Structure formats: C-alpha cells, structure tokens
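> below: sequence and its predicted model.
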Amino acid sequence: MNDFIYNGLPSRVIFGAGSLQHLERELDRLGLRRALVLSTPQQRVQAEAIAARLGDRTAGVFADAVMHVPLSVAREARAVADRLGADCALAVGGGSTTGLGKAIALDSGLPIIAIPTTYAGSEMTPIYGITDEGIKKTGRDPRVLPKTVIYDPELTLSLPTTISVTSGINAIAHAAEALYSQDANPITAMMAEEGIRALASGLPCLVRRPTDIGARSDALYGAWLCGAVLGSVGMAIHHKLCHTLGGSYNLPHAETHTIVLPHALAYNREAAPEAMTRIARALGSDDAAQGIYDLAKANGAPVSLRELGFKEADLATALDIALRDPYWNPRPLEREPLAALLRDAFEGRRPEVARAGAAESVVPR
Ligand code: NAD
C-alpha cells in the first residue's frame, strides 16, 4: 500500500426514516435555543412546518435561498439572523439552502444544522460558494461545515424523480473524481465506491417507485458518502468544467454534472484505470463512462448540453475559461481532446469504449 494522508472532518450524522424527530434533541446537545430556518421559496412550507414544530426555539424563517448564493441574498440573510438574535442556521433543503447557511456561518460563525433534501452533498463539506456580479467565488473554511446533519429519507420523497436522478449523479461525480484525486486514499476510495454503489442501486428503484423509502434511503446514504469524500479530497477536470458552465453560463448545477460526467470519465479513462475499475464495478457496468451515461439516459435525465439551452458558439470560450485556472487532473489537460469532450457533452453522444493501445499516449502528471 502507498503512503497516504486522510483528512477526516468532524460532523455528526443522524440517519434514518423519521430521524427529523431527533431535531430538538440535537439542538439541545449543542445548547442551541433560537434557530433561523432557511429554505428556498419552493420549500417554504416544509421550512415553516419545522419552525412551527420548534415553537419558541425558532428565531424565524428565511425562505429566499437561491442557487449559487448571490452575495446580496447572503447579506440579507445574515442581517435577518442578527436582527432576530438567531444562534444557529437550520438549513432545510438542497445545496442552495445549505450554501446560504454556509454564507451566514462564514461571516458570523453561527453553527449550521443541515437537513438535506437532495443528494448534492454540500452538508458534508467545508466548501462554500458565493456569487457576486456573475463570478462565483469558492473556498474552504471549517466554520461552514455543518455541526450536525439529519438525513431523513422521508423528506426526499417529494423530490421529483428527474431532479433526484440528476442530483444523485451530481453526488456520484464527487465520488468518481475522489477516486482519481491527487489526494485519493484507501479510506475515501472505500466511501466513494460504496456511495456510487448505493446511488446506482437506489436511483433506478426510486424512478420506478418515487415513494419507496428503501430506495430513497439507499440514495441518501450514497449521497452522504459522496459528499464526505468531496469534503475530504480535491476534485479535477469534471468539477472544473461544471463550475465554469454553471458559474459563467448559469447552467443548472445537477443537470450539468449529469451531462458532463460520462465525458470527463472517458477523458481520464486511461490515466486512472484503478478508479475506472472501481466506478464501473460500483455501477455494475463494464465501463465507467458508459455506465454513467446509461444510468442517466435510462432514468430520464438529460444527456446533452444542447438540451439545457447551451449555445454551440460558446463551447470554445467555455473551454478557455475552464483552462484559465485549472485544477489538478490525472491526465494532462490537452486542448483538442478537451474540446472534443465538450462537443460530445454538447451533442449528448454515448462515450466510446477505450481504443486498445490508447494508454501509451497519455501520461499522468
Ligand atoms: P437546490 O438546492 O437548488 O434544489 C433544487 C430545487 O429542488 C430547489 O427548488 C429546491 O427547493 C427543490 N427541492 C429540494 N429538495 C426538495 C424536496 N425534497 N422536495 C421538493 N423540492 C425540493 O439544488 P442542489 O442540486 O441540491 O444544490 C445545488 C447548489 O449546491 C449549487 O449552487 C451548487 O454549487 C451547490 N453545491 C455545493 C456543494 C459544496 O460542497 N459547497 C456541493 C454540492 C452542491
């Protein structure tokens, strides 16, 4: 075995159908008395129900979370938290809501309790993102890592199946890149493979039966593991491309991950053979890239950037932006093959299986 460094992050996880019932106990454990409940406008009802249940332990509800955390919304939420004397942020929702909690925590140091209702995985990471004038700035800070995460699969029953599939593949993307990360290690590899396996088994079942609590539990368990590895190791070209497409072209987060991932895996296929074997094994497929593409397509997710309204004329500029400040990647970043990757993602082509002998032409850094 090679030497490695493993960064375990401190967070407490309460998992299981009905585990929302433990919310009061968890607040008590941290000595928290006045929670500001956060949500998107779409989940206001869910947030208000939780606030009503907490009674005078709720400082109020702030239901204006939106994707990519605009600075103006973050400032407003922080001011509301101050005005209402909140002692914690209670984020009820997906990555957008957790992200708003993180923006409040970054500025104020207030602890976050996260109740995730998608599979994005943000609740397990110390990574924050705030968008100002079209530029999304991201960073890592231990203050934004939620103190306690309550994973209650019952709260995901209402997540529409198409969003469930793209959100689940967004989670798989974290695990897939963790497997070939510069910081990959045996612990995160184990979590990543198990996370992919749980999602690959849960997603098709929940598409067939959206209220199947077993399938929902598998998917949420997988999302937790995938989020944990995202928090622990660095990401590569796939996340860089999605960050660019989301940040500069406002493409929807989970859908973009779903479309780009098969092509990013095909790009890295020969440079990271062990990771590809693990991903394929977890998917129950012969090939990692094709396995992700088939999982998306068979379960009704979009497979082309064209479907998202992305313009063909923007492909070259998007690549320029992505290459400006690149992340480490197991295969060197080569412009022509990357342009082909983006074109394949634009068209929604199923990745081809590796050509024999292609491995010699690619040398990992
Ligand atoms: P989201 O939080 O924007 O949710 C998508 C939509 O689904 C919203 O309208 C939301 O209200 C709704 N929704 C969520 N759960 C629901 C449920 N159970 N029932 C019905 N509707 C529900 O989407 P997301 O994909 O979870 O998060 C995307 C954001 O998270 C992006 O901004 C991304 O950058 C960020 N993110 C950050 C990290 C990190 O570590 N910092 C990790 C992953 C994603």
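It's in. All of these numbers come straight from a predicted model, not from anything done at the bench.

> and the residue most central in space within the chain, how far is that from the ligand?
Nearest to the mean C-alpha position of the chain, counting by CA atoms, centre = their mean, stands residue 120 at 3.2 Å. Distance check for residue 120 against the ligand: by CB to the nearest ligand atom, to the nearest Å, it reads 3 Å. Using the backbone N, CA and C atoms, a C-beta is placed for each residue, glycine as well.

> ok, and the closest non-adjacent residue to that residue?
Of all residues beyond its chain neighbours, the one nearest residue 120 is residue 95 (3.5 Å), with distances taken as CB to CB, 6 or more residues apart in numbering.

> do you know the pLDDT at the nearest residue to residue 214 once chain neighbours are set aside?
Ranked by CB to CB, 6+ apart and with sequence neighbours excluded, the top spatial neighbour of residue 214 is residue 205, at 7.4 Å. At residue 205, the pLDDT value in this model is 98.

> run through the residues that contact residue 205.
Residues in contact with residue 205, defined by CB atoms under 8 Å, 6 or more residues apart in numbering, are 212, 214, 215, 218.

> coming back round to it: in three-state terms, label the residue nearest to the centre of the chain for me.
Of the three states, residue 120 takes coil according to DSSP: H, G, I helix; E, B strand; the rest coil.

> which residues does it contact?
Applying CB under 8 Å, 6+ apart to residue 120 gives the contacts 94, 95, 98, 167, 170, 171, 223, 227, 253, 254.

> ok, and does stretch 7-25 reach over to the ligand?
No: applying CB under 6 Å from any ligand atom, one finds that stretch 7-25 is not in contact with the ligand, the shortest distance being 11.4 Å.

> contacts for that stretch, please.
26, 50, 53-54, 57, 113, 115, 124-126, 145-155, 183, 187, 213, 217, 220-221, 224, 228, 231-233.

> likewise stretch 178-191?
With CB under 8 Å, 6+ apart as the test, stretch 178-191 has contacts from 1, 4-8, 175, 192-193, 225-226, 228-230, 232-236, 268, 271-272, 274-275, 278-279, 328, 330.

> may I see the buried residues of that stretch?
Taking 16 or more other CB atoms under 10 Å as the basis for neighbour counts, the residues of stretch 178-191 that come out buried are 178, 179, 180, 181, 183, 184, 185, 187, 188, 189, 191.
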